[in-house]
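Engineer: this one's structure only:
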């Protein structure tokens, strides 16, 4: 099914911004407004996970807006209501520019910006931290590690691998990788992506990301104890890599990769409230 993204954007009537990038594409920036009369000076910028887009993150953002935070959710290029070939990114350099231009846009309206990455969004966060550190004041990293559980993904056949290889050479912009794992959400939402290009998957390899020395930047790392993709131990190993004198690790009881039961992420709100005005 081919989606008419410009029409769907025009039909969206909730709070949002449209960012025109330096290569003349439109990125959709969802906005969850503060539930308080007096809002915080700090904004939270959310980077979504693979297959997803900003829309489904309302359950995480709502308690934070009630504390006075304004939250923005970026739909990556090729995802959600943003322009771009579905499930594709032309280059890592373009991803960097999209993230940088979005952070600069949000920074116009708020004195401080905290980035919040979930799953693939942790990789996006690492790129932002490496290249835009001067515009970032804190970071929240959820549901991520360098290595997945051995049983997370079904093995590929030789025919599948050959098909992917040939398309990566002759048709690099064609989404030929069917992304599937047990416990996936969004199967009935047409704005979710389940097919990706080889170059997108290569660009966003979780094994390749690095994090700079964050010194005393506030860092919150969280994972569900029932996460289907990453173990608590592997997430903890990523946490241990982070160079910051002000970091917190949280295990969400009964939390899955993309689903956190009500109350399981409650410590995130007080942590944000304590560290940011």
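Structural biologist: Cool, the structure landed. For clarity, every value in this text was computed on a predicted model and none was experimentally measured. Numbering: from 1, shown residues only.

Engineer: what's the closest non-adjacent residue to residue 124?
Structural biologist: Closest residue to residue 124 apart from its sequence neighbours, by CB to CB, 6 or more residues apart in numbering: residue 47 at 4.0 Å. For every residue, glycine as well, the C-beta is placed using N, CA and C.

Engineer: same question for stretch 245-257, mean pLDDT?
Structural biologist: On average, the pLDDT along stretch 245-257 is 97.

Engineer: The residue nearest to residue 124 against residue 127, yeah?
Structural biologist: No. Between residue 47 and residue 127 there is no contact under CB atoms under 8 Å: 9.5 Å.

Engineer: of these two, who's got more company?
Structural biologist: Relative neighbour count places residue 47 above the other of residue 47 and residue 127, with 26 against 21, counting by other CB atoms under 10 Å.

Engineer: Name the residues contacting each of residue 47 and residue 127.
Structural biologist: Taking CB atoms under 8 Å, 6 or more residues apart in numbering as the criterion, residue 47 and residue 127 both touch residue 99.

Engineer: what are the bridge partners for the residue nearest to residue 124, then?
Structural biologist: residue 74, residue 117 (DSSP bridges).

Engineer: Contact partners for it?
Structural biologist: Residue 47 neighbours (CB under 8 Å, 6+ apart): 74, 76, 99, 115-118, 120-122, 124-125, 128.

Engineer: try residue 131
Structural biologist: 96, 99-100.

Engineer: mind redoing it with 10 Å?
Structural biologist: By CB atoms under 10 Å, 6 or more residues apart in numbering, residue 131 lies in contact with 96-97, 99-100, 103, 212.

Engineer: Repeat that for residue 227.
Structural biologist: The contact partners of residue 227, by CB under 10 Å, 6+ apart, come to 119, 142-145, 148-149, 152, 183, 234-235, 251-252, 255-259.

Engineer: Just the residues you listed: which are in helices?
Structural biologist: Residues of the contacts of residue 227 located in helices (DSSP state H): 234-235.

Engineer: Show the buried residues in the contacts of residue 227.
Structural biologist: Buried by 16 or more other CB atoms under 10 Å: 119, 142-145, 148, 152, 234-235, 252, 255-259, out of these.

Engineer: element containing residue 13, please.
Structural biologist: Taking DSSP states H and E as the definition, residue 13 sits outside all helices and strands.

Engineer: same question, residue 99
Structural biologist: Secondary structure assignment for residue 99, by DSSP H and E: helix 92-107.

Engineer: In that helix, which residues are buried?
Structural biologist: Buried, per 16+ other CB under 10 Å, within helix 92-107: 94-103, 105-107.

Engineer: Include pLDDT and distance to residue 138 when you put those into CSV, please.
Structural biologist: Shown next, in CSV, are these (pLDDT from 0 to 100; distance: CB to CB, whole Å):
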residue, pLDDT, distance to residue 138
94, 97, 26
95, 96, 22
96, 96, 20
97, 97, 23
98, 98, 21
99, 98, 16
100, 97, 18
101, 98, 20
102, 98, 16
103, 98, 13
105, 98, 18
106, 98, 13
107, 96, 13
